[in-house]
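In: Pasting the sequence and the predicted model now:
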Amino acid sequence: MIQLLCLVALTVLSGCSSLGLGEKSEVDEAQKSAVPAKAARKDLSAALQKFAKKPEISARLKTLENRISSKKELEQYSKALPYMKSAEERIEFLQLDGFEERQEWLRSENFPARPNVADDDMKEMVTAQDISLGMPSNLVKRSWGDPDSVEVSGNPQFKNERWRYDTYVSTPDGYRMEKKFVYFEGGKVVGWEVE
C-alpha cells in the first residue's frame, strides 16, 4: 500500500510540473529547478515512512503498556500520560527499568512544569470555547464543560476515552441535536468528529 501511495504521489508531483497555463517563456524554464521537486519528494517520502511506522509504534506501545506489573508503576504512568508529548516519548518512558529509573526520567524531563506550559499554550483555545489536538482532558472540560457520556477503551488508567457532547444548533428549519465526539489517547485529544 505504501508503494502505491508513493507511486501516486510521485506521479502527481511529476504531472504537476508538466502542466502549464499557456506559453512558457524561456525565463520561466531557466528559473525552474529540480531541487524543489526533489525536496518535495523527500518530504513526501518521510511523511509516508512515518505513516507506515504508526502501526509499529502503536503495537510497541501496547506491548510495553501490558508489561507494567505493579500498581505503583501503573499509577506513575497514568499520572504522567496526559503530559507526554508523543507515542515515542511514552515508549522511551516505558522502556526504562523500574519505578525509580522512570521517576528520575520524569524529573530530568521537568514534568512538574509541563501542566503549566500546556495551560499557557491553550488558554486562547479555552477562552474561545474550542479544542485542539494534544489538549489535555481537563482543558477540554474547561472549554466545553462536562461530557454527556464517556466511553473507556481498555484499562481506564491509560485514559483512552471517547467523550460525547449533545448540543442543539440553530438551522434554517429550527434547532436540531448535534453530537460531538472527542477522542483521547493518554488523556490528550487525538481527534474529534461531529454527527
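Out: Good, I have the coordinates.

In: for this protein, what spans make up the helices?
Out: For the chain, the helices defined by DSSP state H cover 2-18, 26-31, 34-66, 71-80, 87-94, 98-108, 114-127, 137-144.

In: got the contact list for Ile68?
Out: Residues near Ile68 by C-beta atoms under 8 Å, 6 or more residues apart in numbering: 74, 77, 94. All C-beta spots, glycine's among them, are computed from the backbone N, C-alpha and C.

In: And these, which is closest to Phe181?
Out: Tyr77 (25.5 Å; C-beta to C-beta).

In: before we move on, back to that, among the contacts of Ile68, which one has the most neighbours?
Out: Tyr77 (21 neighbours; other C-beta atoms under 10 Å).

In: okay but that one is in contact with Gly186, surely?
Out: No - Tyr77 lies out of contact with Gly186 (C-beta atoms under 8 Å); the separation is 9.3 Å.

In: any common contacting residues for these two?
Out: Common neighbours of Tyr77 and Gly186 (C-beta under 8 Å, 6+ apart) are Phe158.

In: quick revisit: so which of the contacts of Ile68 comes closest to Ser170?
Out: Tyr77 (43.7 Å).

In: Once you drop chain neighbours, what's closest to the closest one?
Out: Ile68 (6.1 Å; C-beta to C-beta, 6 or more residues apart in numbering).

In: same check, this time on Met84
Out: That would be Arg90: by C-beta to C-beta, 6+ apart, it lies 5.1 Å from Met84.

In: can you check Arg164 too?
Out: Nearest to Arg164 is Ser149, by C-beta to C-beta, 6+ apart, at 4.6 Å.

In: Before we move on, what's the pLDDT of the one you found?
Out: Ser149 is assigned a predicted lDDT (pLDDT) of 97.

In: can you tell me how far it sits from Arg107?
Out: From Ser149 over to Arg107 the distance is 37 Å, taken as C-beta to C-beta, to the nearest Å.

In: Out of the helices and strands in the chain, which is least certain?
Out: helix 2-18 (a mean of 42; mean pLDDT, DSSP states H and E).

In: where does the protein dip in pLDDT?
Out: By pLDDT under 70, the low-scoring segments of the chain are 1-54, 115-121.

In: okay, now Pro55: neighbour count?
Out: So Pro55, with other C-beta under 10 Å, has 9 neighbours.
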